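> can't give you the sequence, but here's the structure:
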């Protein structure tokens with residue numbers, strides 16, 4: 001693997017570059033860089049695929065999670081409202097038949 005900062009070769013399991021001292025656990029992730037799980041090279045956080053090996057990278061994004069939760073919430077609210085409407089219709093029909 002290459003150091004994302006100085007591009008020198010480093011051990012695949014290294015957390016600090018022996019050449020420039022870059023700390024991969026803090027420095028690079030704060031700058032928006034993640035590491036490809038397949039080839040261990042640095043990749044921009046926004047990338048969908050690794051530019052080195054082509055591996056499809058799925059970086060979890062908080063906004064994506066919020067959008068997913070929001071869309072499911074909307075679905076459940078719609079189902080709940082439809083169910084309440086159906087129950088109200090049944091209640092109104094039962095009251096109407098009893099009053100006749």
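Structure's in. What do you need? All values reported here derive from a predicted model rather than from experimental measurement.

> and the top helix by length along the chain, how far out from the chain middle?
Ranked by residue count under DSSP state H, the longest helix found in the chain is helix 62-98. Between the centre of helix 62-98 and the centre of its chain there are 27 Å (CA atoms, centre = their mean, to the nearest Å).

> domains of this protein?
What the record gives for the chain is the domain set 1-59, 60-100, from automatic domain parsing.

> just put these in CSV and tack on mean neighbour count and mean pLDDT.
For glycine as for every other residue, the C-beta is placed from the backbone atoms N, C-alpha and C. Rendered in CSV, the data for the domains of the chain read as follows (neighbours: other CB atoms under 10 Å; pLDDT from 0 to 100):
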stretch, mean neighbour count, mean pLDDT
domain 1-59, 14, 74
domain 60-100, 9, 81
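
> quick one, what contacts residue 92?
Taking CB atoms under 8 Å, 6 or more residues apart in numbering, we find residue 92 in contact with no residue.

> do you know how far it is from residue 40?
With the distance defined as CB to CB, to the nearest Å, residue 92 ends up 65 Å from residue 40.

> before we move on, what about residue 8?
In this structure, residue 8 and residue 40 are separated by 14 Å, where distance is defined by CB to CB.

> over to residue 5?
With distances taken as CB to CB, residue 5 is found 15 Å from residue 40.

> same question for residue 9.
11 Å.

> quickly list what's touching both of the two.
Any residue near both residue 9 and residue 40 by CB under 8 Å, 6+ apart counts here, and that gives residue 1.

> touching, residue 22 and residue 7? I think so.
No: counting by CB atoms under 8 Å, no contact exists between residue 22 and residue 7, whose distance comes to 10.6 Å.

> which element is residue 34 on?
In this structure, residue 34 is located in strand 33-35 according to DSSP states H and E.

> helix or strand next in line after that strand, which one?
Tracing the chain past strand 33-35, the next element assigned as helix or strand by DSSP H and E is strand 42-44.

> list of residues touching that following strand?
Outside strand 42-44, the residues that touch it by CB under 8 Å, 6+ apart are 2, 4, 28, 32-36, 50-52, 57.

> and those, which two are furthest apart?
Across the contacts of strand 42-44, the two members that end up farthest from each other (CB to CB) are 2 and 32, 17.8 Å apart.
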